[in-house]
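Asker: Structure for this input, please:
(chains A and B, ligands or ions: 2)
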Amino acid sequence: MNHFLGFLRKWSLFFGAVVLWELATRLAEDPFFPPPTTILDKIAELWFSAPATRLFLTDDVYQDILPSLGRVFGGWSIAVVLGVGLGTALGRSRTGMDYVGPLFAFMRAIPPPTLIPVFLVLLSIGTSMKLTTIVFGSIWPILLNTVDGVRSVNATQRDTARSFRTPQHYWIAMVVLPAALPKIFAGLRLSLSIALILMVVSEMVGATDGIGYELIFAQQRFDFPAMWSWIVLLGVLGYGLNALLLVVERRMLSWQPSTGATTAKTTGA
Amino acid sequence: MSTMLQVTGLSHRYGTGEHAHVAVNDLTFTVETGELSCIVGPSGCGKSTLLRCISGLITPTGGEVSLHGDRVTGVPEDLAVVFQDYSRSLFPWLTVRQNVEFPLRWKKSRAERRERSEEALEWVSLPGVGGKYPWQLSGGMQQRVSIARALARRPALLLMDEPFASVDAQTRFELEDLLRSVQLQHGSTILLVTHDIDESVYLGDRVLVLSKSPARIVADLPVDLPAERHQITTRESANFVSLRAEVARLLQGGTPAEPAAGVVSEKPS
Ligand SMILES: Nc1ncnc2c1ncn2[C@@H]1O[C@H](COP(=O)(O)OP(=O)(O)O)[C@@H](O)[C@H]1O
Ligand SMILES: [Mg+2]
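Answerer: Ligands and ions are numbered 1, 2, ... in the order given. Sure thing, here's the model as predicted:
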């Protein structure tokens, strides 16, 4: 019962807005704004109209959605590995950040989509251009948060580990990274949403498949229900990926006295 | 009785030039195997500095330290330190059992670690909390965990830096009795520093009195009390009262009532 009430509180405004939107669009009959039910019909037709032998999933799913997801995950994973690795090294070094700090601050300040033209020229249309864009845009929150997190190891923890003659890799794996993990996760969530944005934008400019490409293509042929379908899909993907990451975070940070509170504090980051 | 720890002409100076600060000045003393020695001195006199020099966490600027005959250059293998600040010394992301097993991680098999941690937790009267996280325990229990972690390592010498200064009076009494009974049962060699006169006399087989900064040894007093101590009767006994008065007088800069420097302590039995 409590679960049900919680669910209602969480989603009632959302469904109310959808119903209002439905009514408003039906009254307005504007071709740019098809009613949600029309969009849902279009979604069913676009992605779920294949025969059962193909799990009902159409070519669009296999040829556009999966490649897009591959780019997000590929680019983001590279950013995670590079960001955490570099961040750990820099956080542990006493002077490293003094050298690269200003450079990072500058590069981070460049809005990532503006680099797409540069990467287009350098790498031409292709997967490497999109991956580079995603990595370059989404690495900063991870890198800088990791540096911050690694520095949060306190002097007593350091002395304790030293007094036990803790070998280097145990020190990093069992003290430094766990201490940095709350900060790292705050960076991961931010960078995942950036990765999603950059995936779409890079596909809008230089691609022959993918969600961003299909979105622009639908708009150019005035297929507005299809255009809205792709937009809805992006909303669902963004929500789903974030929810998934939150589940992982809750599990990995279950040692914290109040994971709920810290999560709420950093969600807006 | 053999000598466990020998400190010869130990001095430590922080910083250089004008800003140099001499924290410890020309300390010489020994600790015998199986003895619980207390060092008492006013806050800021250099007690932590002394322990950090002995444990190899810092290299003293003068003099030398040897542990069972071997000169200490880095952190010795068979030594453990219990810090005052248990909440920072225990790793919050590890459970109690994982914390206790931490110093054995790279030395013992999983089964051996498990056995040792269970045993050590029993020594400090904390059976059955292995699966909890430190923050789920009271302050006194957390400090027991860090004592268990130090004991699980079976150190030849256990150093304790004001271990009971951050818990309430009642808990402090419990922990003092616990420490003495563990030490009696296992014949551990312990060097404990404190600023609390009563504590040093109640706990010690012997009390070394330090002067104000920079720390010098003012007196080395054998504690002539029965091995089994009792919070009420021991503190009432004439011996205890006169000893604590003696220590208090020495700390205020008075001279010892009888020549005490160089006295070899005799373990009361
Ligand atoms: N890392 C340090 N650098 C400079 N001065 C220090 C440092 N650590 C301690 N001191 C100084 O050395 C003196 C002794 O400190 P400490 O050994 O911590 O005393 P205690 O543990 O007896 O309170 C203090 O005056 C303190 O300010
Ligand atoms: Mg101190």
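
Asker: Under the pLDDT cut-off, which ranges of chain B? List them.
Answerer: For chain B, the stretches flagged by pLDDT under 70 are B:1, B:254-269.

Asker: could you point out which element follows the longest helix belonging to it?
Answerer: The longest helix of chain B (DSSP state H) is helix B:169-186. Per DSSP states H and E, the first helix or strand lying C-terminal to helix B:169-186 is strand B:190-194.

Asker: which other helices and strands contact that following strand?
Answerer: With contacts defined as 3 or more C-beta pairs under 8 Å, 6 or more residues apart in numbering or on different chains; DSSP states H and E, strand B:190-194 has these neighbours: strand B:36-40, helix B:47-54, strand B:157-161, helix B:169-186, helix B:197-203. Any C-beta I mention is one placed from the backbone N, CA and C, and that applies to glycine too.

Asker: and stretch A:153-170, is it in reach of chain B?
Answerer: Yes: contact between stretch A:153-170 and chain B is present through A:Asn154, A:Thr156, A:Gln157, A:Asp159, A:Thr160, A:Arg162, A:Ser163, A:Phe164, A:Arg165, A:Thr166, A:Pro167, A:Tyr170 (criterion: C-beta under 8 Å from any C-beta of the partner chain).

Asker: near ligand 1, which of those show up?
Answerer: Counting by C-beta under 6 Å from any ligand atom, the subset of these that neighbours ligand 1 is empty.

Asker: Report the buried members of those residues.
Answerer: The neighbour-count test (16 or more other C-beta atoms under 10 Å in any protein chain shown) marks A:Thr156, A:Gln157, A:Asp159, A:Thr160, A:Arg162, A:Ser163, A:Phe164, A:Arg165, A:Thr166, A:Tyr170 as buried among the residues of stretch A:153-170 next to chain B.

Asker: taking these one by one, which sit in helices?
Answerer: A:Thr156, A:Gln157, A:Asp159, A:Thr160, A:Arg162, A:Ser163, A:Tyr170.

Asker: ends of stretch A:165-179, how far apart?
Answerer: 19 Å (C-alpha to C-alpha, to the nearest Å).

Asker: Report the beta-bridge partners for the residue nearest to the spatial centre of chain B.
Answerer: Among the residues of chain B, the one closest to the centroid is B:Leu192, at 2.1 Å (C-alpha atoms, centre = their mean). Counting by DSSP bridges, B:Leu192 is bridged to B:Cys38, B:Met160.

Asker: Wait, it touches B:Ala165, no?
Answerer: No: using C-beta atoms under 8 Å, B:Leu192 is not in contact with B:Ala165, being 11.1 Å away.

Asker: quick revisit: with pLDDT added, can I get the buried ones among the residues of stretch A:153-170 next to chain B in JSON lines?
Answerer: Shown next, in JSON lines, are those (pLDDT from 0 to 100):
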{"residue": "A:Thr156", "pLDDT": "95"}
{"residue": "A:Gln157", "pLDDT": "95"}
{"residue": "A:Asp159", "pLDDT": "96"}
{"residue": "A:Thr160", "pLDDT": "96"}
{"residue": "A:Arg162", "pLDDT": "96"}
{"residue": "A:Ser163", "pLDDT": "95"}
{"residue": "A:Phe164", "pLDDT": "95"}
{"residue": "A:Arg165", "pLDDT": "95"}
{"residue": "A:Thr166", "pLDDT": "96"}
{"residue": "A:Tyr170", "pLDDT": "96"}
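
Asker: rewinding a little: of the helices and strands packed on strand B:190-194, flag the one that's most buried.
Answerer: Mean neighbours per residue, mean count of other C-beta atoms under 10 Å in any protein chain shown, is largest over the helices and strands packed on strand B:190-194 for strand B:36-40, with a mean of 26.

Asker: does B:Glu35 really touch B:Leu203, like I thought?
Answerer: No: between B:Glu35 and B:Leu203 there is no contact under C-beta under 8 Å: 11.6 Å.

Asker: do whatever helix or strand A:Ile134 lives in and chain B meet?
Answerer: Taking DSSP H and E as the criterion, A:Ile134 maps to helix A:127-150. No: using C-beta under 8 Å from any C-beta, helix A:127-150 never reaches chain B; the gap is at least 12.2 Å.

Asker: Thank you, goodbye.
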